[in-house]
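Student: Need coordinates for the below:
(chains A, B, C and D)
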Protein chains: 2
Amino acid sequence: MAESNYHHGDLKNALIAAGVEILAREGIASLSLRSVARRAGVSHSAPYAHFSDKQTLIAAISTEGFRRLYSKLDTALNAHSAEPGRQLVACGQAYMRFALNERDIFKVMFSGVLEQEKEYPEFVEISQATFQLLVKVVDACQEKGILRPAPTDLLATAIWGQVHGLVSLALEKQISHTVLDLHPLDEVLLFTLNQFSQVPLTL
Amino acid sequence: MAESNYHHGDLKNALIAAGVEILAREGIASLSLRSVARRAGVSHSAPYAHFSDKQTLIAAISTEGFRRLYSKLDTALNAHSAEPGRQLVACGQAYMRFALNERDIFKVMFSGVLEQEKEYPEFVEISQATFQLLVKVVDACQEKGILRPAPTDLLATAIWGQVHGLVSLALEKQISHTVLDLHPLDEVLLFTLNQFSQVPLTL
DNA sequence: GCTATAATCTTGACAGTGTCAAGATAAGTT
DNA sequence: AACTTATCTTGACACTGTCAAGATTATAGC
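Tutor: Below you'll find the predicted structure:
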């Protein structure tokens, strides 16, 4: 307990949560070590007991972001078990919605704010696990003849790249107006996924 | 001439050039209004005569980046006129090489550092012109039966998304090691483009 | 239970940043 | 030649990441 701020108890996680909230509420421009400390109610230097520098805090926030993304994808998968085609579409949609709904944490995860990602083992682990989720779906789709035979991880990389690229361009508003006026983003996604598919995928 | 720094002559473009150089030499972390001013040999506030704030300078640097990308793509196109299939592959490669060789300017262009891109007309213009380059190639490919019939701008968006996503994941080192060990990036690119193609594309 | 040690948090400082206001300098216009 | 405007400098402010020194509390060994 304690009104005292000394030995908060779980400041590390509180700082990560504060960071996630700042990203959601105020955006990436407001994410600073000091703002995170303020929101957690501790002094501006307190974070240094838990994070050696800003990059390390960002790595922890990114890792939390991947945990959330993983969870969304997992839910999408479980909603359509034994229907790999639907699983694939649902994953794509979940990825897209996550990016659009949580713009700024998605940006932190994928836009190079984190500079040496390989140095943060927890980050590497959860990001790879997320990819493996997709590999599994792709494999199931191949077995059912929905996707062509091809090296599974290569195909999974291609599909991930496809969805990720679309989402990134959409976030940066680089997708032409005429395209988005004529076709809602869901439809664009479906169109792109269907380039890979042997049988037509639907929503 | 003049040793005097007053009325430099073309400070605006000098600042943009300085920014591009800083991105190439030192990376995005070193890009500040003050570092750009230092490199151009003027005082820390001099940029404010030409850019109302940092975002406006970044918009100008991004615009310059798009000009360079446009030029690379245009060269790739002209190297294979009357062979749309090869043009498509060459464009994809040029896009990839630009991103990998000029990491940090590419990041500035596409990673949300620029926040209200729509407010910078020159930026909008060149980025749309770049997209139109791709639309043209896709259209030519469709006419030759290399790409399926489909709304051209939708197909072009899908293909751009594909290449952009691959490149982004590669830049962030998110593409799995096992994939990149087994398949060089050029091959991954070709594999993905071939998902769209009716006839096999080669390098 | 007491004490030594380690972990955690605060305070205060430093250099670097974006931005603004006031003033100096030079170019262009009449 | 004088006035006006664009351009550049100087100096200031609040904010940032980071570090050093010290205060507070938890923990481990006795």
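
Student: Tell me how many other residues surround A:Leu190.
Tutor: Neighbours of A:Leu190 under the rule other C-beta atoms under 10 Å in any protein chain shown: 19. Every C-beta, even on glycine, is put in place using the N, C-alpha and C of the backbone.

Student: any idea which helix or strand carries it?
Tutor: Applying DSSP states H and E as the criterion places A:Leu190 in helix A:185-194.

Student: Centre of the chain to that helix, how far?
Tutor: Put simply, helix A:185-194 sits 19 Å off its chain's centre (C-alpha atoms, centre = their mean, to the nearest Å).

Student: hmm, who's touching that helix?
Tutor: Contacting residues not belonging to helix A:185-194 are listed as A:88-89, A:92-93, A:96, A:159, A:162-163, A:166, A:170, A:175, A:179-180, A:183, A:200-203, B:150, B:154, B:157-158, B:161-162 [C-beta atoms under 8 Å, 6 or more residues apart in numbering or on different chains].

Student: could you redo the last one with a cut-off of 7 Å?
Tutor: Contacts of helix A:185-194 with the rest of the structure, by C-beta atoms under 7 Å, 6 or more residues apart in numbering or on different chains, involve A:88-89, A:92-93, A:96, A:162-163, A:166, A:170, A:179, A:200-201, A:203, B:154, B:157-158, B:161.

Student: Just the buried residues of the residues you listed.
Tutor: A:88-89, A:92-93, A:96, A:162-163, A:166, A:170, A:179, A:201, B:154, B:157-158, B:161 (16 or more other C-beta atoms under 10 Å in any protein chain shown).

Student: what kind of secondary structure is the residue positioned nearest the centre of chain A in?
Tutor: Centrality entry for chain A: nearest residue to the mean C-alpha point is A:Leu69, 4.5 Å, by C-alpha atoms, centre = their mean. Following DSSP: H, G, I helix; E, B strand; the rest coil, we place A:Leu69 in the helix state.

Student: residue contacts, it?
Tutor: A:Phe98, A:Thr130.

Student: interface residues of chain A facing chain B?
Tutor: Within reach of chain B by C-beta under 7 Å from any C-beta of the partner chain, chain A has these residues: A:107, A:110-112, A:117-118, A:127-128, A:131, A:153-154, A:157-158, A:160-166, A:168-169, A:171-176, A:178-179, A:183, A:188, A:191-192, A:195-196.

Student: buried set for the helix or strand bottoming out on mean pLDDT in chain A?
Tutor: When each helix and strand of chain A is scored by mean pLDDT, DSSP states H and E, helix A:177-182 comes last, with a mean of 87. In terms of neighbour count (16+ other C-beta under 10 Å), helix A:177-182 has its buried residues at A:Val179.

Student: what's in contact with it?
Tutor: Outside of helix A:177-182, the residues within contact range by C-beta under 7 Å, 6+ apart are A:Val188, B:Asp153, B:Leu154, B:Thr157.

Student: how about a cut-off of 10 Å?
Tutor: Residues from elsewhere that reach helix A:177-182 (C-beta atoms under 10 Å, 6 or more residues apart in numbering or on different chains): A:169-170, A:173, A:176, A:185, A:187-188, B:118, B:128, B:131, B:151, B:153-154, B:156-158.

Student: Helices - which of the residues of chain A next to chain B land there?
Tutor: Members of those lying in helices (criterion: DSSP state H): A:107, A:110, A:127-128, A:131, A:153-154, A:157-158, A:160-166, A:168-169, A:171, A:178-179, A:188, A:191-192.

Student: what about the closest residue to A:Glu117 other than its chain neighbours, helix or strand, and which?
Tutor: Excluding the flanking residues, the one nearest A:Glu117 by C-beta to C-beta, 6 or more residues apart in numbering or on different chains is A:Phe123, at 5.6 Å. Secondary structure from DSSP H and E places A:Phe123 in helix A:121-143.

Student: Show me where chain A dips below the pLDDT cut-off.
Tutor: A:1-6 (pLDDT under 70).

Student: could you redo the last one with a cut-off of 50?
Tutor: A:1-3 (pLDDT under 50).

Student: Can you name the residue of it nearest chain B?
Tutor: Going by C-beta to the nearest C-beta, chain B is nearest to A:Gly165 of chain A, at 2.5 Å.

Student: my read: that residue touches B:Ala170, true?
Tutor: No: applying C-beta atoms under 10 Å as the test, A:Gly165 and B:Ala170 come out as separate, 11.3 Å apart.

Student: B:Trp160 is in contact with A:Leu166, correct?
Tutor: Yes: if you go by C-beta under 10 Å, A:Leu166 and B:Trp160 touch, sitting 8.8 Å apart.

Student: which residues are in contact with both of those two?
Tutor: Both A:Leu166 and B:Trp160 are contacted by A:Ile175, under the criterion C-beta under 10 Å, 6+ apart.

Student: before we move on, the earlier item: tell me the buried residues in the helix holding A:Leu190?
Tutor: A:Leu185, A:Val188, A:Leu189, A:Leu190, A:Phe191, A:Thr192, A:Leu193, A:Asn194.

Student: the inter-axis angle of it versus helix A:152-171?
Tutor: If you take axes from the mean of the first three to the mean of the last three C-alpha atoms, to 10 degrees, helix A:185-194 sits at 160 degrees to helix A:152-171.

Student: C-alpha coordinates for helix A:185-194, PDB please?
Tutor: What follows is helix A:185-194, C-alpha atoms only, in PDB (Å, rounded to 0.1, in the frame of the first residue of the first chain):
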ATOM      1  CA  LEU A 185     -10.600  -0.700 -47.200                       C
ATOM      2  CA  ASP A 186     -12.100  -4.100 -46.300                       C
ATOM      3  CA  GLU A 187     -12.800  -4.700 -50.000                       C
ATOM      4  CA  VAL A 188      -9.200  -3.600 -50.900                       C
ATOM      5  CA  LEU A 189      -7.900  -6.100 -48.300                       C
ATOM      6  CA  LEU A 190     -10.100  -8.900 -49.700                       C
ATOM      7  CA  PHE A 191      -9.000  -8.100 -53.300                       C
ATOM      8  CA  THR A 192      -5.400  -8.300 -52.300                       C
ATOM      9  CA  LEU A 193      -5.800 -11.600 -50.400                       C
ATOM     10  CA  ASN A 194      -7.600 -13.100 -53.300                       C
END
